[in-house]
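Q: Would you be able to build a 3D model of this:
(2 chains)
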Number of protein chains: 2
Amino acid sequence: MRLSQVFTKTSKDVPADEAARNAQLLIQAGYVYKDMAGVYSFLPLGLRVLRNIENIVREEMDAIGGQELLMPALQVPERYELTGRWDDKVVDNWFKTKLANGAELGLGFSHEENLSPIVKRFVTTYKDLPIAPYQIQTKFRNELRSKSGLMRGREFLMKDMYSFAISQEQHDEFYAKAQKAYEKVYQRLGIGDRTVMVLASGGSFSKYSHEFQTFSEAGEDLIFKTSDGIYHNREIAPAKVSKGNEPEEFQTCKEVKGEGVIGVQALLEHLDIPIEKSTKTLVYTTDTDETIMAAVRSDYDINELKLCEAVGCASVSFASDETVKTVTGAEIGYAGLANLPDGVRVFLDDSLNGLCNFETGANKTGYHAINANFDRDVTRPDKFYDFKTAREGDLDPQTSEPMEVKKAIEVGNIFSLGTKFSEPFEVAVPNEQGQVITLVMGCYGIGVSRLMGTIAELFNDNKGLIWPEAVAPARVYLARLGDELAVVEQADQLYENLTDKGVEVLYDDRDLRPGQKFADADLLGIPYRVVVSGKTQAAGVYELKARRADQPEQVNENELLKGLGVVA
Amino acid sequence: MRLSQVFTKTSKDVPADEAARNAQLLIQAGYVYKDMAGVYSFLPLGLRVLRNIENIVREEMDAIGGQELLMPALQVPERYELTGRWDDKVVDNWFKTKLANGAELGLGFSHEENLSPIVKRFVTTYKDLPIAPYQIQTKFRNELRSKSGLMRGREFLMKDMYSFAISQEQHDEFYAKAQKAYEKVYQRLGIGDRTVMVLASGGSFSKYSHEFQTFSEAGEDLIFKTSDGIYHNREIAPAKVSKGNEPEEFQTCKEVKGEGVIGVQALLEHLDIPIEKSTKTLVYTTDTDETIMAAVRSDYDINELKLCEAVGCASVSFASDETVKTVTGAEIGYAGLANLPDGVRVFLDDSLNGLCNFETGANKTGYHAINANFDRDVTRPDKFYDFKTAREGDLDPQTSEPMEVKKAIEVGNIFSLGTKFSEPFEVAVPNEQGQVITLVMGCYGIGVSRLMGTIAELFNDNKGLIWPEAVAPARVYLARLGDELAVVEQADQLYENLTDKGVEVLYDDRDLRPGQKFADADLLGIPYRVVVSGKTQAAGVYELKARRADQPEQVNENELLKGLGVVA
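A: Got it, this is the predicted structure:
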């Protein structure tokens, strides 16, 4: 591609309205144009990068038997009412719209409800299974905020695959294949060495899902590695406190007035105690309408996903003010472990295990207890649970060794869906024994445009982007310096030769100064830069520089082709 | 592709909720799945057809210097307010939605407003021009009705290209190139011989646009060919009455009471006259707020586009009841050419030219005039215009020869936009003389999924689809009959051989009866069917049948490869 024929241009100015490095660089290089937060246009060179990523994803899905199709964005409510996902309280990022006749429609954020009836129509026997239809299609998610450039889009390109199996065993087999395919995708994209599979919440579908997370300081996720080598998303990471909870002589427990003292920090100051001596107790209502209490050391937060696991329920939400008053007998703000009410299950996080002389709410309006101790002032529970939100520095509960903690970008996720969707849509066929079995589903997502943002975020320096070869819009940036006929002829010929050999070349045939061309080559992040000029011609050489190299080399034609990987 | 690996299946049942032949066949063959009227999923084999069409379009756009990019569906209102197209009264097929913060967004129906700011950002001099960015992207149009299958989608795949030129001359040159590229597209798709370029309305952009129309009885458009060989969309077709308007002896003009007679038909019966002796007069308000009257013979309708041309205004709408009363001095329903009011311009269609003894409204509540005649009862105008809606059988006004009339499907359109968008977005750069010139734009659309529907609509018989080779999901349908090892081996080998030679093969390796396989081959519409069976093997031949042929031929391997176009 001749750059004189490309209508975009690079820019020196860092866009003022972008905080994310990936978007800044992609905009400066002219790869994308920002239409609004989370919505971008892919300009000609950027579209090439997107297509390269897309094709790698496609090839690996095809390799494990994926069957590509294309489903629409417009979604009818009926299907989502069947699964309970039409409600904006259940799915909080719907974009909704209306037909001319007033009927509501949604814009697809995921396509389980679209695909299930299709599969029901065609699959009639276990012999048809397993199958894994997938698409590479534009998704819409009404994110409240979108500040991470291409890494969190309101409209974005996604590969979503869905598997259907006749048994859990068949499902597990395909799920394992998909894991391997994902690893290959990241390997081919050049991010395999910094991408790991991570345990994450299974949502309402199963205990765990698996995420593929690429380590990056720009990541929105925090990943904890336990001693057994398993990575955990913070949302489900186990955690043990790393300091505090030393045995101490028991002090006298007292109730202290704390009326009008709002917030943990104010309370600590009021009582003159460190945060590690303070506890917080929250009252929740579960999805089965049970009221429970849960307590954690005040320097931790309660992780509701982990709490649900401890309680054995599907979801929890804060109890109403009314319920809190009824349960604790006190106004909001004084719930605690002292003077515990009867008939309410109380769950204690293990951050409280071994704690001495601690503060806790007195369940009495206006009062906190200090120097509380288990057995004497507070009932010691049969069991301590781990439902705190893990923090950097926390220990692996199994080994009491510190966990490795890193920020990461989620670049893929795979879910076992069980029969969550196949049941309402009655996707069921006879198995080998003639029993009608509701199919076991899985879903497998990769954000294609997010991957482009992730790669841009990871591979750059102060001069610009540094694309891995597999995704670069071209392998070679051919800079022609000067317009003497002999130089033009040689550069044109090299361009044609390389193109004929299947090497993608960005040929900078524009009337610009050398410095501008070099700056563009760097900003655009093309893996190799080749210079043809009067000087190189006089010396009978080409100048070759890898994007990551400090200095160019003078090479002859054969060395050039070797250097570019065209000949062995 | 092995059919045993494809999860879709054909169906014998014609879908009950589809009136359009294209959708019926595409659904029965398992190419598409209907999600709702005008919204379809493209299943694996259907997606191949769509991609084949898409690639042909892409190649021809690239060949004339098109630069592919990808713009989003989500659209911000500000840009459309700038051009007046946010208003639902101006663009009546918007899908609109809302951000989580309540701000309105639209779903793109066309992308002039999206692309103009992008081009403004990058193009800085006439040297950058002309350019023609294009995309192949999903469009959303909130059609009130959508009953033509894939030919009228609410969500559909479209190629939209936009050109930017420094002068009208440069624009015209590119526009001509695009015309040629479009012709090539239709030629390659196999519909070139029945596709013509047609003059159509230029909308608010220019006098005419050009449509590419493919003749088909299923078409929604009616095309008129004038004696000079030019095709006209009905919306702008010229027309001259083919019968009536013979000279007659003048009868006595009378005013006849017709109160309570509603509608043309009732009036004709009431007055006992043929429709060709009746006229209708309508009162309009123009976009510049002038009130005008327009009259046509009652067997014709007034074509508002042509009327605007006659009046010299941009748009007309029916005048309010109040205005009609003020202008005619009568209640609604009695406007006519008798007792004409002063100060109102009256336009007469040439269907009235030469008419004798005709009926017209009396501009007097409850009365119609009969046996009216020009000069005597009705003022003869300086000029008769042609603003009737053309009908089958009408004459070419230039030659008085009958026009050829055919139904057709619009498969593309190209528009000269002038500076309609470049002006509000200030897309202007200096020309060679240093003058800042607002760029001249064009737009060029092809409905990619509509083309798939069109081709399906055109090429089929009572056994199913008959894809042209260039768009077929595979060139060969290889039906293996029986599962003896030798047959399986031979069929497998042929499949591999053909695939290696770059021939796409649908290999029917399923455990089905021959009749089912042959029926599928026909319904799917694959250009060539090859049979490998115990019988062919015993005879040392293959059985080859083109989809359009009546009978198969027995051929040897070399003849087979020749027949499939693999060897010369």
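
Q: Next, count neighbours for residue A:127.
A: 14 (other C-beta atoms under 10 Å in any protein chain shown). For the C-beta atoms, the positions are set from N, CA and C on the backbone; glycine is no exception.

Q: In the stretch 401-550 of chain A, which residue sits closest to chain B?
A: Nearest residue of the stretch 401-550 of chain A to chain B (C-beta to the nearest C-beta) works out as residue A:511 at 8.7 Å.

Q: So what touches stretch A:517-529?
A: Residues outside stretch A:517-529 that contact it (C-beta atoms under 8 Å, 6 or more residues apart in numbering or on different chains): A:3, A:10, A:25, A:28-29, A:45, A:459-460, A:463-469, A:472-477, A:479, A:481, A:506, A:508, A:510, A:512, A:544-547, A:552, A:563-564.

Q: 7 Å - rerun?
A: Stretch A:517-529 is contacted by residues A:10, A:28-29, A:463-467, A:469, A:472, A:474-477, A:479, A:506, A:508, A:544-547, A:564 when judged by C-beta atoms under 7 Å, 6 or more residues apart in numbering or on different chains.

Q: Among those residues, which lie within strands?
A: A:464-465, A:476-477, A:479, A:506, A:508, A:544-546 (DSSP state E).

Q: gap between residue A:462 and residue A:519?
A: Per C-beta to C-beta, to the nearest Å, residue A:462 is found 12 Å from residue A:519.

Q: Please read the previous query as pertaining to residue A:279.
A: In this view, residue A:279 and residue A:519 are 58 Å apart by C-beta to C-beta.

Q: Buried members of the ones in strands among the contacts of stretch A:517-529 into ChimeraX, please.
A: Of these, the buried ones can be selected in ChimeraX as follows, counting by 16 or more other C-beta atoms under 10 Å in any protein chain shown:
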select /A:464,465,476,477,479,506,508,544,545
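
Q: Which one of the ones in strands among the contacts of stretch A:517-529 is nearest to residue B:376?
A: Minimum distance to residue B:376 across the ones in strands among the contacts of stretch A:517-529 is 79.4 Å, recorded for residue A:506 (C-beta to C-beta).

Q: Look at whichever residue of the stretch 251-400 of chain A sits closest to chain B and give its secondary structure.
A: Nearest to chain B in the stretch 251-400 of chain A, going by C-beta to the nearest C-beta, is residue A:317, at a distance of 20.4 Å. Under DSSP: H, G, I helix; E, B strand; the rest coil, residue A:317 falls in the strand class.

Q: My guess is it contacts residue A:285. True?
A: Yes - Residue A:317 is in contact with residue A:285 according to C-beta atoms under 7 Å; the separation is 5.8 Å.

Q: Look at these two and report which has more neighbours.
A: Counted by other C-beta under 10 Å, residue A:317 and residue A:285 do not tie: residue A:285 has more neighbours, with 17 against 10.

Q: Which residues lie in contact with the residue lying closest to the more buried one once chain neighbours are set aside in this structure?
A: Spatially, and ignoring its direct neighbours in sequence, residue A:285 is nearest to residue A:319 (4.8 Å; C-beta to C-beta, 6 or more residues apart in numbering or on different chains). Contact partners of residue A:319, counting by C-beta under 7 Å, 6+ apart, are A:283-285, A:291.

Q: among those residues, which are in strands?
A: Of these, the ones assigned to strands by DSSP E are A:283-285, A:291.

Q: can I get the residues you listed in a markdown table with pLDDT?
A: Shown next, in a markdown table, are the ones in strands among the contacts of residue A:319 (pLDDT from 0 to 100):
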| residue | pLDDT |
| --- | --- |
| A:283 | 96 |
| A:284 | 96 |
| A:285 | 95 |
| A:291 | 95 |
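
Q: could I get the residues you listed as JSON lines with distance to residue A:498?
A: Output for the ones in strands among the contacts of residue A:319, formatted as JSON lines (distance: C-beta to C-beta, whole Å):
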{"residue": "A:283", "distance to residue A:498": "69"}
{"residue": "A:284", "distance to residue A:498": "65"}
{"residue": "A:285", "distance to residue A:498": "67"}
{"residue": "A:291", "distance to residue A:498": "71"}
